[in-house]
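>>> 3D, please:
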Amino acid sequence: MLRKYANASILLLVTVAVFPQVCFASDPWDAEFMDNGLIRLEIVPEIGGRITRFSLEDYQYFLVNRELDGKAPPESRLDDEGGWLNYGGDKLWVAPQGWNGEHEWPGPPDTVLDGGLYEYEVLQTAPQGSARKIRLTSDTNASSGVQLSRTVELFEGTSRVHIEATMTNVGEQDRRWGIWAHTQLEATNSDGEGVNPSYKAYCPVNPDSIFPKGYDVIFGMAQNPSFCLDEANGMVTVQQLGLVGKIGVDSKAGWLASVDGESGYAFIQKFQYEEGREYPDNSSVEFWLDGEGEFYAYGERFQIDEPLEQYCFESEMIGPYESLSPDQSASFSYDWYATNIGGDFPIVDCNEHAAIVSPLKLEDQGRLTAHLGIFYEGEASAIFTDSDGQQSQSPHSLGSVSPRNPVQVNIPVVTTPATTRIELQLIDTEGNIRVLSVLTMKLAYAGQTPLCDGYN
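Residues are numbered from 1 along each chain as shown. Next up, the predicted model:
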């Protein structure tokens with residue numbers, strides 16, 4: 001994300017890791033917390049209603065600006081030069097961004113939507129008293145003419161976070177914006193200095209994309225090696241190489257996955273793409289990378305030559321344009337999931353229960369294999385069924401599983417003549433059956449080759 005300054009006649013664009021000079025309030029920021037024993041969120045209503053931290057066990061996904069961490073904002077919500085205080089974390093903005101008229105959001109900074117105080121309400125609590133569902137609501141005097149709010153909900157036994165964002169026209173004229181769910185992930189390497197080149201993201205491209213490459217370069221070099229089209233898998237791969245750049249993707253798949261290859265922890269975002277709707281920047285997903293390099297914006301050339309103290313990896317979802325009359329509202333719902341896939345592996349598919357590195361397969365040597373990161377705690381099994389959906393042979397238990405650890409299946413199996421389908425199932429802590437991956441057989445006899453593999 002760009003930080004915009006006007007300095008005499010020079011427009012300066014710098015990245016998140018250029019730290020501002022600012023006189024802070026004397027008190028630390030006032031944080032709220034949500035925790036289900038598996039994942040934990042830190043929420044700071046006074047700095048734009050940000051979710052500043054999201055963790056699975058001890059792994060913290062979000063970037064938090066080291067110079068601003070824990071510091072309550074000044075009354076102005078700006079640094080001493082009138083610039084953006086980029087705390088990091090996750091927040092809501094409106095799209096499209098730009099400085100060419102009222103139809104574009106000229107932030108950040110935005111002292112209401114991005115930096116202002118949000119009202120914090122607890123809507124539901126767990127039996128032990130901790131918050132399970134909360135609402136954050138902005139002030140009403142934003143220059144964009146809209147008020148933003150979102151509910152954030154946790155569930156037992158899962159790393160899922162459900163968010164419903166709402167935009168309300170609180171002005172006296174019609175407004176047209178998309179809701180922008182903007183997440184900044186930590187892509188500094190594990191020793192705290194330098195870029196983490198094993199930080200990557202994966203997003204399916206639209207087979208009928210309007211962009212020749214399947215994605216659009218918004219900022220940075222046209223041939224930036226940080227962005228790569230994997231035509232074989234129909235995927236755009238994003239890698240943090242310390243080179244500045246931004247792309248938009250008109251993806252219809254409704255998911256994107258960011259992976260820290262150093263640790264194996266993965267952050268999954270899911271949303272519902274709305275066919276036939278117009279999207280800001282013609283993109284439902286955007287990625288921004290901090291780093292060095294040259295890029296053109298606003299008809300000018302910019303050069304960043306110095307290494308950064310922290311490296312940001314922005315993974316963004318954008319809702320379709322909403323045309324709102326005064327007092328009208330529109331919503332954009334999405335989910336986060338945290339999991340561990342065990343290392344630097346690409347994610348080739350996602351469903352509501354798992355991120356799939358390698359779908360369920362029956363190898364030639366009679367071994368059943370799969371590699372997944374799951375979103376629920378529970379007991380996993382391989383289930384074998386016939387063409388009528390009845391069990392054709394005994395299940396194979398895989399034991400207790402959790403988002404904390406990858407699920408890697410590699411077991412010998414002999415299928416019976418009646419078996420036409422194998423499912424990798426999980427029974428969660430609430431007793432619900434969740435299908436993680438499916439393998440369909442061509443014919444009903446043992447030693448069969450797969451017709452298709454993966455989740456269907």
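>>> Any figure for the gap between the closest residue to Trp177 other than its chain neighbours and Val401?
Leaving aside its chain neighbours, Trp177 sits nearest to Val94 (4.0 Å; criterion: CB to CB, 6 or more residues apart in numbering). From N, CA and C alone the C-beta is placed, and that goes for glycine too. Val94 sits 40 Å away from Val401, going by CB to CB, to the nearest Å.
>>> How about the secondary structure of the residue nearest to Trp177?
strand (DSSP: H, G, I helix; E, B strand; the rest coil).
>>> tally of neighbours for the nearest residue to Gly342 once chain neighbours are set aside?
Among residues not flanking Gly342 along the chain, Pro406 sits closest, at 3.6 Å (CB to CB, 6+ apart). By other CB atoms under 10 Å, 21 other residues sit near Pro406.
>>> correct me, but Pro406 touches His371?
Yes. At 6.8 Å, Pro406 counts as touching His371 under the criterion of CB atoms under 8 Å.
>>> Gln97 - nearest residue in space that isn't next to it in sequence?
Trp105 is the one closest to Gln97 (CB to CB, 6+ apart), at 5.3 Å.
>>> For the closest residue to Leu154 other than its chain neighbours, which residues are in contact?
Closest residue to Leu154 apart from its sequence neighbours, by CB to CB, 6+ apart: Asn36 at 4.7 Å. Neighbouring residues of Asn36 by CB atoms under 8 Å, 6 or more residues apart in numbering: Ala126, Ser130, Arg132, Leu154, Phe155, Glu156, Gly157, Thr158.
>>> Out of these, which comes closest to Leu63?
Checking the contacts of Asn36 against Leu63 with CB to CB, the nearest one is Leu154 at 21.6 Å.
>>> is that closest one in a bridge, and if so with what?
Val161 (DSSP bridges).
>>> residues near it, how many?
Using other CB under 10 Å: Leu154 sits among 24 other residues.
>>> Quick check, it in contact with Val161.
Yes. Distance between Leu154 and Val161: 6.2 Å, which falls inside the contact criterion (CB under 8 Å).
>>> and for those two, which residues touch both?
With CB under 8 Å, 6+ apart, Leu154 and Val161 have common neighbours Ile39, Leu41.
>>> Restricting to C-alpha, output stretch 158-178 in CSV.
Extracted as CSV, the C-alpha positions of stretch 158-178 are listed here (Å, rounded to 0.1, in the frame of the first residue of the first chain):
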residue,chain,number,x,y,z
THR,A,158,-11.8,-24.3,14.4
SER,A,159,-9.4,-21.6,13.1
ARG,A,160,-12.2,-20.1,11.1
VAL,A,161,-13.0,-16.4,11.5
HIS,A,162,-16.2,-15.1,9.9
ILE,A,163,-16.4,-11.4,9.1
GLU,A,164,-19.4,-9.5,7.7
ALA,A,165,-18.5,-6.0,6.6
THR,A,166,-21.2,-3.4,6.0
MET,A,167,-21.0,0.0,4.3
THR,A,168,-23.8,2.5,4.9
ASN,A,169,-24.3,5.8,3.0
VAL,A,170,-24.5,8.4,5.7
GLY,A,171,-24.4,11.4,3.4
GLU,A,172,-26.9,13.3,1.4
GLN,A,173,-25.8,12.2,-2.1
ASP,A,174,-25.5,8.8,-3.9
ARG,A,175,-22.2,7.0,-3.4
ARG,A,176,-20.6,4.2,-5.3
TRP,A,177,-17.8,2.2,-3.7
GLY,A,178,-16.6,-1.4,-3.2
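>>> tell me the mean pLDDT over stretch 217-234?
The average pLDDT within stretch 217-234 is 93.
>>> Okay, strands next: where are they in the stretch 251-400 of the chain?
Secondary structure of the stretch 251-400 of the chain by DSSP state E, counting those that start in this stretch: the strands cover 255-260, 265-271, 285-289, 293-297, 300-304, 312-318, 322-324, 329-340, 349-350, 354-362, 367-374, 378-385, 391-401.
>>> Switch those over to TSV; also include mean neighbour count, distance to Tyr120 and mean pLDDT.
Formatted as TSV, those follow (neighbours: other CB atoms under 10 Å; distance: least, CB to CB, whole Å; pLDDT from 0 to 100):
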stretch	mean neighbour count	distance to Tyr120	mean pLDDT
strand 255-260	26	27	98
strand 265-271	24	23	98
strand 285-289	26	28	97
strand 293-297	16	36	73
strand 300-304	13	36	77
strand 312-318	24	23	98
strand 322-324	18	25	98
strand 329-340	21	19	98
strand 349-350	24	31	98
strand 354-362	23	31	97
strand 367-374	23	31	97
strand 378-385	19	32	97
strand 391-401	14	34	96
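>>> Pro73: which of the ones you listed is closest?
strand 312-318 (19.6 Å).
>>> Just checking the distance from the closest one to the centre of its chain.
7 Å (CA atoms, centre = their mean, to the nearest Å).
>>> buried subset of the contacts of Asn36?
Ala126, Arg132, Leu154, Phe155, Gly157, Thr158 (16 or more other CB atoms under 10 Å).
>>> pLDDT below threshold where in this structure?
1-27, 296-300, 442-456 (pLDDT under 70).
>>> Try it again at 90.
1-27, 98-101, 127-129, 141-142, 192-193, 219-222, 294-308, 364-366, 441-456 (pLDDT under 90).
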